[in-house]
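Trainee: Quick one: sequence and predicted model below, then my questions.
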Amino acid sequence: MTRTSWQELPRWQRTTILVVAPVELALTVYAAVDLTRRHPSNIRGHKAVWWPLLLVQPLGPVAYLLRGRRRP
């Protein structure tokens with residue numbers, strides 16, 4: 001398998017990478033900060049379980065933000 005350079009990628013793929021990557025990063029950072037600051041009683045499950053799940057892109061941060069937090 002040969003490596004494809006950035007210039008060889010079609011324009012739509014380069015655009016997708018430039019849009020999706022920062023969104024995933026921002027979502028992960030937001031979820032990590034929220035997890036750090038939120039009291040354990042306001043989280044479904046243990047914090048220790050959610051930390052590695054935040055690294056599963058893009059589903060981990062979305063799952064935490066939608067299902068991992070309890071509403072105060």
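Mentor: Right, received. Where do you want to start? The model shown is predicted, which means the values in this text are computed figures rather than measured ones. Numbering: from 1, shown residues only.

Trainee: Please pull up the helix or strand immediately following the longest helix seen in the chain.
Mentor: For the chain, the helix with the greatest residue count under DSSP state H is helix 11-37. Once the chain leaves helix 11-37, the next helix or strand it forms, by DSSP states H and E, is helix 47-53.

Trainee: For that next one, which helices and strands make contact with it?
Mentor: helix 11-37 (3 or more CB pairs under 8 Å, 6 or more residues apart in numbering; DSSP states H and E). In this view, the C-beta of every residue, glycine as well, is placed from N, C-alpha and C.

Trainee: chain center to the helix it packs on: distance?
Mentor: 6 Å (CA atoms, centre = their mean, to the nearest Å).

Trainee: any idea of the mean pLDDT in it?
Mentor: Mean pLDDT, helix 11-37: 96.

Trainee: returning to that earlier point: buried residues in the longest helix of the chain?
Mentor: 27, 28, 31, 32, 34, 35 (16 or more other CB atoms under 10 Å).

Trainee: The second one touches residue 59, doesn't it?
Mentor: No. The pair formed by residue 28 and residue 59 falls short of the contact definition of CB atoms under 8 Å, at 11.1 Å.

Trainee: per-residue confidence at residue 72?
Mentor: 65.

Trainee: who's in contact with the nearest residue to residue 51 once chain neighbours are set aside?
Mentor: The shortest distance from residue 51 to any non-neighbouring residue, by CB to CB, 6 or more residues apart in numbering, is to residue 35 (7.1 Å). For residue 35, the contact set (CB atoms under 8 Å, 6 or more residues apart in numbering) comprises 43, 47, 50, 51, 54, 64, 68.
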